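A.B. asks: My questions are about this predicted structure, shown below with the sequence.
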Amino acid sequence: MPEPLRFAAFVMNTTSHILHGAWRLPEARQHRFTELDHWIGLAQELEAARFDHIFFADVVGLYHDYRSSWRKFVESGLQIPSNDPTVIASAIAHATTDIGIALTSSILQEHPFNFARKMSTLDHASGGRIAWNIVTSLSPNAWRNFGYADITAHDERYAWAQEYVDVTYKLWEGSWDEGALVQDKESGIHADFDLVHKIDHEGPRYRVEGPHLVAPSPQRTPVLFQAGSSPAGRRFAARNAEAQFISAPNPAAARDLIAETRELVTEYGRRPGDLRFYQGLSFVIGDTEHEARRKATELEEYLDPDAMLAHAAGGIGIDLGHYDLDTPLGEVEAEGSRSHLRWVREAVGDREPTVRDLARLRSRDNRLVGTPEQIAGELEHWRAAGVDGINVINTTIPGSYREFIEHLRPVLLDRGLARAEYEPGTTRRKLTGSDLLDQRHPAAAYRGAFATVTTGAA
């Protein structure tokens, strides 16, 4: 029997995340994103329905200008204002017991030493339920926000990311040996000095002495997610990630992408199944197909086409507001997210995609419309293509997830497409059967690697 799919709720600490304009729907509550109860309530509903993760996207800058201005982003609420999801993660952890909490953080926005400390603290506070979505920031504005003149070249960003994660691996996996934290009140020994190590990392971008200031958390290293389907991005995922978020236009394209990436996984000494794939999908559900189609048509009346194109254009790092809609995308490639262009080409097929295709696909691609039974049938095709989980994109919060839970989940359970209960333990144990990264992961090489560094100095 094939494994049930895993489900993540794809959210962002902002009003307008993916389907821009949908926040204006009467039932939408995502404009209340600054309210802590908004997120706690949603996480509790998701946990009651056995969602595997609440997954927070994040950005640290505006997307590329649209029609030579950033006005459209502000006026439409397109990921601005946008609040830091890591700040609310501990509150969500306190109010839940099982759901994984996945947090996006860029290599750009925080030094790896402090980031490692923050994530270890959250993993302790959540009982081992933290995941990290590793991103490299495709927005030039984000780079300028942190003092750089412009965005770093695409492949160089992934080289940077590799050093960044290696620093965190050394801190999480190598700085504290097992059994180092003694906390013996009788002897007064809190930790065994010989089992705590500095890492003395010296690389092209970082010098980090250590030791890690946080004792090992339940997972040590948080569960590692990554998104991006460029050659460099897929190689990075093949080496480092435990799960990759994809946005393939159809199951056939997903099958090819997954097969190619899993071949890369073996090149790094890992097993193909060590990397799992979550496809991004949104749902319009009706009791009948006619009702579902009507709801999809009504949704289109609220969506903001300009905002959708502005977001899509930002993903490839160029202002598409000045281009004719029939301009071939090959004429507007840029240093941004190359995976966006790959997905559009796969969706269009045997011709060169245009700006019009990008706008259309951004609003309608990866949207399943139909009855619960029809949608469950489509999800069976995605699972058969090798997809391990679904990243559920919302139209409204909490409405989209309530509709999923009330109408689609019972059918998924009947078809063996969803889990009825959580597996016990940490988020990694739920996903892989172990609290810690397996020995095939490159981070495991740092376990015990610094034992000879410790000296008897006071």
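C.D. replies: Structure received.
A.B. asks: Now do the helices in the stretch 151-300 of the chain.
C.D. replies: 154-169, 231-240, 251-267, 289-302 (DSSP state H, counting those that start in this stretch).
A.B. asks: just the angle between the second one and helix 154-169, please?
C.D. replies: Following axes from the mean of the first three to the mean of the last three CA atoms, to 10 degrees, one obtains 20 degrees for the angle between helix 231-240 and helix 154-169.
A.B. asks: Give the bridge partners for the residue nearest the centre of the chain, please.
C.D. replies: Closest to where the C-alpha atoms of the chain average out (CA atoms, centre = their mean) is residue 133, at 4.3 Å. On the basis of DSSP bridges, residue 133 is bridged to residue 104, residue 225.
A.B. asks: That one contacts residue 55, correct?
C.D. replies: Yes: the criterion here is CB atoms under 8 Å, and residue 133 meets it with residue 55 at 7.0 Å. Heads up, the C-betas are built off the backbone N, CA and C, glycines and all.
A.B. asks: Find residues that contact each of those two.
C.D. replies: Common contacts of residue 133 and residue 55 (CB atoms under 8 Å, 6 or more residues apart in numbering): 102, 225.
A.B. asks: residue boundaries of the strands in the stretch 101-250 of the chain?
C.D. replies: 130-135, 181-184, 189-191, 201-202, 207-208, 223-227, 243-246 (DSSP state E, counting those that start in this stretch).
A.B. asks: Kindly present those as CSV, with separate columns for distance to residue 284.
C.D. replies: Below are the strands of the stretch 101-250 of the chain laid out as CSV (distance: least, CB to CB, whole Å):
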stretch, distance to residue 284
strand 130-135, 26
strand 181-184, 50
strand 189-191, 54
strand 201-202, 49
strand 207-208, 48
strand 223-227, 24
strand 243-246, 21
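A.B. asks: Pipe those into CSV and attach mean pLDDT per row.
C.D. replies: CSV is the format used below for those (pLDDT from 0 to 100):
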stretch, mean pLDDT
strand 130-135, 97
strand 181-184, 97
strand 189-191, 98
strand 201-202, 98
strand 207-208, 98
strand 223-227, 96
strand 243-246, 96
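A.B. asks: show me what contacts the residue nearest to residue 57 when sequence neighbours are not counted?
C.D. replies: Closest residue to residue 57 apart from its sequence neighbours, by CB to CB, 6 or more residues apart in numbering: residue 12 at 4.4 Å. Residue 12 makes contact with 56, 57, 58, 79, 82, 85 under the criterion CB under 8 Å, 6+ apart.
A.B. asks: Please narrow these to those residing in strands.
C.D. replies: Using DSSP state E, the members of the contacts of residue 12 that fall within strands are 56, 57.
A.B. asks: Let's test this: mean pLDDT of stretch 303-321, rounded?
C.D. replies: The average pLDDT within stretch 303-321 is 82.
A.B. asks: Oh, that last question was meant for stretch 13-29, not what I typed.
C.D. replies: Mean per-residue pLDDT for stretch 13-29: 97.
A.B. asks: Which parts of it count as buried, going by neighbours?
C.D. replies: 13-25, 28-29 (16 or more other CB atoms under 10 Å).
A.B. asks: again, but for stretch 63-73
C.D. replies: Within stretch 63-73, the residues scored as buried using 16+ other CB under 10 Å are 63, 64, 65, 66, 70, 72, 73.
A.B. asks: same thing with stretch 397-404?
C.D. replies: By 16+ other CB under 10 Å, the buried positions in stretch 397-404 come out as 397, 398, 399, 400, 401, 403, 404.
A.B. asks: Any chance of those residues in a markdown table with distance to residue 288, secondary structure and pLDDT as columns?
C.D. replies: Output for the buried residues of stretch 397-404, formatted as a markdown table (distance: CB to CB, whole Å; DSSP: H, G, I helix; E, B strand; the rest coil; pLDDT from 0 to 100):
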| residue | distance to residue 288 | secondary structure | pLDDT |
| --- | --- | --- | --- |
| 397 | 25 | coil | 98 |
| 398 | 24 | coil | 98 |
| 399 | 19 | helix | 98 |
| 400 | 19 | helix | 98 |
| 401 | 22 | helix | 98 |
| 403 | 15 | helix | 98 |
| 404 | 18 | helix | 98 |
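A.B. asks: ok, so of these, who is nearest residue 209?
C.D. replies: Each of the buried residues of stretch 397-404 was scored against residue 209 by CB to CB, and residue 397 proved nearest at 43.1 Å.
A.B. asks: Tell me who's in contact with the closest one.
C.D. replies: Per CB under 8 Å, 6+ apart, neighbours of residue 397: 11, 28, 29, 30, 38, 42.
A.B. asks: Identify the residues contacting whichever helix or strand the fifth one is part of?
C.D. replies: Under the assignment given by DSSP states H and E, the secondary-structure element containing residue 38 is helix 36-48. The contact list for helix 36-48 (CB under 8 Å, 6+ apart) reads 9, 11, 13, 29, 32-33, 54, 88, 91-92, 95-99, 101, 397-398, 401-402, 405.
A.B. asks: With stretch 120-130 instead?
C.D. replies: Under the criterion CB under 8 Å, 6+ apart, residues 86, 89-90, 93-94, 97-103, 119, 172, 212, 214, 216-219, 222-223, 425-429, 435 lie in contact with stretch 120-130.
A.B. asks: Would you tell me which of the helices of the stretch 151-300 of the chain gets closest to residue 148?
C.D. replies: Set against residue 148 and scored by CB to CB, these come closest in helix 154-169, at 11.3 Å.
A.B. asks: quick one: average confidence on the closest one?
C.D. replies: 95.
A.B. asks: Low-confidence regions, this protein specifically.
C.D. replies: By pLDDT under 70, the low-scoring segments of the chain are 315-317, 332-347, 349-350, 359-364, 453-458.
A.B. asks: please redo it, this time with the cut-off set to 50
C.D. replies: 335-337, 454-458 (pLDDT under 50).
A.B. asks: The longest strand along it pairs with which strands, parallel or anti?
C.D. replies: When the chain is parsed with DSSP E, its longest strand is strand 276-285. Strand pairing for strand 276-285, determined by DSSP bridges: strand 243-246 (parallel), strand 367-370 (parallel), strand 389-393 (parallel).
A.B. asks: coming back round to it: buried ones in the helix holding residue 38?
C.D. replies: 38, 39, 40, 42, 43, 46, 47.
A.B. asks: which among the residues you listed gets closest to residue 153?
C.D. replies: For the buried residues of helix 36-48, the nearest to residue 153 is residue 39 (36.0 Å; CB to CB).
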